[in-house]
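Student: got a sequence here, can you model it:
(4 chains)
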There are 4 protein chains.
Amino acid sequence: MARAYRTAITTHVDGGLYVYGHNLVDLAGNTSFAKAIFLILKGEMPDKSSEKMFEAILTVAIDHGVEPASVVAARNIYSGGSPVQAAVAGGILALGEFHGGAIEAAMENFKKYESVGVKRLVEDFAKSGTRVAGFGHRLYDTDPRTQRLLEVAKQNGFFGKYVKFALLCEGEISKGGKKLPLNIDGIVAALLLEMDFNPKVGKGVFIIARTPGLVAHVVEEALREKPVRRLLEKDVEYDGPRPRK
Amino acid sequence: MARAYRTAITTHVDGGLYVYGHNLVDLAGNTSFAKAIFLILKGEMPDKSSEKMFEAILTVAIDHGVEPASVVAARNIYSGGSPVQAAVAGGILALGEFHGGAIEAAMENFKKYESVGVKRLVEDFAKSGTRVAGFGHRLYDTDPRTQRLLEVAKQNGFFGKYVKFALLCEGEISKGGKKLPLNIDGIVAALLLEMDFNPKVGKGVFIIARTPGLVAHVVEEALREKPVRRLLEKDVEYDGPRPRK
Amino acid sequence: MARAYRTAITTHVDGGLYVYGHNLVDLAGNTSFAKAIFLILKGEMPDKSSEKMFEAILTVAIDHGVEPASVVAARNIYSGGSPVQAAVAGGILALGEFHGGAIEAAMENFKKYESVGVKRLVEDFAKSGTRVAGFGHRLYDTDPRTQRLLEVAKQNGFFGKYVKFALLCEGEISKGGKKLPLNIDGIVAALLLEMDFNPKVGKGVFIIARTPGLVAHVVEEALREKPVRRLLEKDVEYDGPRPRK
Amino acid sequence: MARAYRTAITTHVDGGLYVYGHNLVDLAGNTSFAKAIFLILKGEMPDKSSEKMFEAILTVAIDHGVEPASVVAARNIYSGGSPVQAAVAGGILALGEFHGGAIEAAMENFKKYESVGVKRLVEDFAKSGTRVAGFGHRLYDTDPRTQRLLEVAKQNGFFGKYVKFALLCEGEISKGGKKLPLNIDGIVAALLLEMDFNPKVGKGVFIIARTPGLVAHVVEEALREKPVRRLLEKDVEYDGPRPRK
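Tutor: This is a model prediction of the structure:
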């Protein structure tokens, strides 16, 4: 009878710990954390240029200030008196479709339409009335993080068909309207495809990158603020029914 | 060999579903939800007065407006594009020690000190320099929810030794200083002891009571707000190092 | 300028707490918890028959044993040494599309197709190759919980067009193949429509109903088990690469 | 009036993004992810040897197989139909006191007792009847991960007073009884003190290290398993009351 849990990731052999066949204890001290992340997500070690590209992706997304919804959630949770792991988990819960969670969808799109052409992508999305994942940002007309990743991609041989297609999309989508720049989700999606990752890891890469930022904010809340946060009257508008007699 | 999971709560017998021996399908339509909650937390059905008391506890704690940290967390999580269950879970994560999570500790205290006396409790806490769980509220000098539960307790025969001890504590703790009123955590703790609940259920009772409020706020966020929330510049103060050259 | 948070649910007026205009402190002791839940989800008080129907829905879904994924998640989280709120939240996180989370989708479907007809629903789903939300159960050919809710619906005047349509769907979907019974998600979806709820509350109703069950399991884990759970060797199959030299 | 959120971590200046004064966009492509993590947790860049030590800590803790409670929670949550961020968050929720969460407590202990002496530590814990955080492991007599981190510490100049004290503790605690080896929590705690980290980051370092492993397991669940997990009858023992008539 089949066992309840099946895995190809990590096994214990004679007291040793192996990740996709690599001795984890030997890796420690001899390899970078980013390399180990690449290994555990893809099942194989990165070459030198993939490692550099991957380090850049993870680094650039490590934090975006106290303003995002994920940080506000994490800090409020800690402030209620729950432990660090609960607050960090709460921050990660906010990483949905509109907040770092579009990478998987963007990867699926780029994969599907790269061979069919950008016109078709734009038509299909116009028909369905939905936004194309990976484009647009509330703050940026040109996302400086995207620009930086494009440079690193050029330097390391990842300016390939998916990146080019993503830039084509940016031009086409922004035609005759508001500029919708290739955002961090979009460029990370294209680069993960260049590195031959499965789209299913897309959201996870952003979660991994952002977790240290969330931890830093939770620790800052712990060391500098007093419990418990509460919205101020001036930030709240009540527009429901008046008290009944 | 012992099986991995052991439970005394619910079992399946011949296609029927039994909670502590009561046929759940028969209960539905013949009993109140509050009665079923009492059963699943305590292992036995409440009598009429316990049911009334328990309904009052759950009802009075169902919501406290949009201001608490739990609601802010839940709404920010939904706003990031995650589903309802993630947002509600995130709200519950905020229900820590300083936000509804003091009931268990208050139950333990009342249980331990009720026979020893209030002087000893005050001394012990003064020595350790910690606050007594279940007293004090940022908004209220007298918590109207506590007052209401005291009335219902009188009407239903639960104004017993633990409630009296809690009120004694309130007087003693507030002596010669700021009034620290018996808050909702404190009165619920005393009442759960009157009903002979295990302190370990304390936090859970508050979670159960508040979950509908969290759901309502998340649904309101879904129906009335656009993604994604972000703090405004005016709400943020940066006091870290200046950009380096 | 608009305030950051807008709500029509709960407000504080002169130290009083009002939910959709109803004084919460007055409700406590005078109303059932189920009634308060109805109020906070719908913005108005239920009449007697709606209250009975709603109590039955919440009660029948309160628990389904230790076996479901949500309970396993919750118990494992508690076992790692995290507090009750973290474990209950973790259980709720598992209430996704395949585990109580289909109510919203079923409500949307019933609403859309009730006037168009069941043939069209079956055709559309056959074309898209997806399963119809609210039908089928791993354990049951006929879900006893559904049967019970149908009885209560008849007794209370909720055996209306949506319930009838749901039963029509059951017949049509199961034609010439495996019986796909109207499951608990499906019947709850139809009944919430009969009571004129917004589909967006669907998932929340199940979360509210199941939270007491999750609390009970977490408390049982706390009182009866030792940390920390770990899968046994016999339950795990490793099929990844062998250790490298 | 004070602003609601205060931070010293990250700021936006003229479209640039600065973490503790370092331009994040410039860091990307020029620095390792581990270096950026160090920066965001400590407020300053690591030197070469701290970077190596930190990479080793993060790498060795990246995963420990499918067996731990965190992985079981994460996979069950995904299996219920919730998205990747919910499943990863659920896994992190399990990282409590008994599962990676002891680093902070161990740091506090080592800091407090290092100058006072190991005898006093053992006495104090014997008196209070609690276990010393950072020692003992269900699987290992000697944790190979600890051994490896000790080697890397020697090579990089971190075999200092806290590491020596931790090893002293191991000897003293294990005297005349079961060997309680310095476990991964314990050695990481000592090393973070050698690198002068605040104890409050302890839990966060483990969360950051383990998140990629959790992502990998959730992705594997997504790509290889069908919803929805459910315990088998053979794994469950019911010992509650029998069905009533």
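Student: just the C-alpha atoms of stretch A:48-64, please, in CSV.
Tutor: Below are the C-alpha coordinates for stretch A:48-64, written out as CSV (Å, rounded to 0.1, in the frame of the first residue of the first chain):
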residue,chain,number,x,y,z
LYS,A,48,27.9,30.3,-11.9
SER,A,49,25.8,32.6,-14.0
SER,A,50,22.5,31.2,-12.8
GLU,A,51,23.7,31.6,-9.2
LYS,A,52,24.5,35.3,-9.8
MET,A,53,21.2,35.9,-11.5
PHE,A,54,19.3,34.1,-8.7
GLU,A,55,21.2,36.1,-6.0
ALA,A,56,20.2,39.3,-7.7
ILE,A,57,16.5,38.3,-7.9
LEU,A,58,16.4,37.4,-4.2
THR,A,59,18.3,40.4,-3.0
VAL,A,60,16.4,43.1,-4.9
ALA,A,61,13.0,41.8,-3.5
ILE,A,62,14.1,41.5,0.1
ASP,A,63,12.1,44.5,1.3
HIS,A,64,10.1,47.5,0.1
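Student: quick one: the residue nearest in space to the middle of chain A and chain C, what's the gap?
Tutor: Nearest to the geometric centre of chain A sits residue A:206, at 2.0 Å (Cα atoms, centre = their mean). According to Cβ to the nearest Cβ, to the nearest Å, residue A:206 stands 18 Å off from chain C. Where C-beta positions appear, they are placed from N, C-alpha and C, glycine not excepted.
Student: before we move on, what about residue A:101?
Tutor: 15 Å.
Student: which stretch of helix or strand covers that residue?
Tutor: Assigned by DSSP states H and E, residue A:101 falls within no helix or strand.
Student: and for residue A:243?
Tutor: Per DSSP H and E, there is no helix or strand for residue A:243.
Student: confirm that the residue nearest to the centre of chain A sits in a helix.
Tutor: Yes: secondary structure assignment places residue A:206 in a helix (DSSP: H, G, I helix; E, B strand; the rest coil).
Student: residue A:103 is in contact with that one, correct?
Tutor: Yes: between residue A:206 and residue A:103 there is a contact at 5.7 Å, judged by Cβ atoms under 8 Å.
Student: list residues touching both of those two?
Tutor: A:185, A:188 (Cβ atoms under 8 Å, 6 or more residues apart in numbering or on different chains).
Student: about what we covered before: which ones are touching the residue nearest to the centre of chain A?
Tutor: A:61, A:95, A:100, A:101, A:103, A:185, A:188.
Student: count of neighbours near the fourth one?
Tutor: Taking other Cβ atoms under 10 Å in any protein chain shown as the criterion, the count of residues near residue A:101 is 23.
Student: what comes into contact with the least confident helix or strand in chain A by mean pLDDT?
Tutor: Least confident helix or strand of chain A, by mean pLDDT, DSSP states H and E, is helix A:118-128 with a mean of 93. For helix A:118-128, the external contacting residues (Cβ under 8 Å, 6+ apart) are A:109, A:113, A:131, A:132, A:165, A:168, A:169, A:172, A:173.
Student: give me the pLDDT value at residue A:204.
Tutor: For residue A:204, the pLDDT comes out at 98.
Student: now do the contacts for the closest residue to it other than its chain neighbours.
Tutor: Counting by Cβ to Cβ, 6 or more residues apart in numbering or on different chains, residue A:204 lies nearest to residue D:215, which is 3.5 Å off, once chain neighbours are set aside. When contacts are counted by Cβ under 8 Å, 6+ apart, residue D:215 touches A:40, A:41, A:201, A:204, A:205, A:207, A:208, D:84, D:88.
Student: next, work out how far apart residue A:176 and residue A:122 are.
Tutor: For residue A:176, the distance to residue A:122 (Cβ to Cβ, to the nearest Å) stands at 11 Å.
Student: next, give phi and psi for residue A:229.
Tutor: Torsion angles at residue A:229 (phi, psi; degrees, to the nearest 10) stand at phi -60, psi 150.
Student: now it, nearest residue through space, not along the chain?
Tutor: residue A:79 (4.1 Å).
Student: correct me, but the one you found touches residue B:95?
Tutor: No: if you go by Cβ under 8 Å, residue A:79 and residue B:95 don't touch, sitting 11.6 Å apart.
Student: neighbour count for those two, which is higher?
Tutor: Higher neighbour count among residue A:79 and residue B:95: residue B:95, with 32 against 26, using other Cβ under 10 Å.
Student: wait, a helix at that one?
Tutor: No: counting by three-state DSSP, one finds residue B:95 to be coil, located in no helix.
Student: measure it to chain A for me?
Tutor: 6 Å.
Student: excluding its backbone neighbours, what's nearest that residue?
Tutor: Ranked by Cβ to Cβ, 6+ apart and with sequence neighbours excluded, the top spatial neighbour of residue B:95 is residue C:85, at 4.7 Å.
Student: which SSE is the one you found in?
Tutor: Counting by DSSP H and E, residue C:85 is part of helix C:84-93.
Student: does anything pack onto that helix? Which helices or strands?
Tutor: Secondary-structure packing of helix C:84-93 (3 or more Cβ pairs under 8 Å, 6 or more residues apart in numbering or on different chains; DSSP states H and E): helix A:84-93, helix B:84-93, helix B:202-224, helix C:69-79, helix C:202-224, helix D:69-79, helix D:84-93.
Student: to residue C:22, which of those helices lies closest?
Tutor: Residue C:22 lies closest, by Cβ to Cβ, to one member of the helices and strands packed on helix C:84-93: helix B:202-224, at 13.3 Å.
Student: buried stuff in the closest one?
Tutor: Neighbour counts over helix B:202-224 (16 or more other Cβ atoms under 10 Å in any protein chain shown) mark B:202-222 as buried.
Student: now for residue A:226, how many residues are close by?
Tutor: Residue A:226: 8 surrounding residues under other Cβ under 10 Å.
Student: state the distance from it to residue B:236.
Tutor: Residue A:226 is 18 Å from residue B:236, by Cβ to Cβ.
Student: same question, residue A:150
Tutor: Residue A:150 is 29 Å from residue B:236, by Cβ to Cβ.
Student: likewise for residue A:179?
Tutor: Here residue A:179 is placed at a distance of 26 Å from residue B:236 (Cβ to Cβ).
Student: still on that earlier bit, tell me the one among the contacts of helix A:118-128 nearest to residue B:140.
Tutor: Closest approach between those and residue B:140, by Cβ to Cβ: residue A:131, at 45.6 Å.
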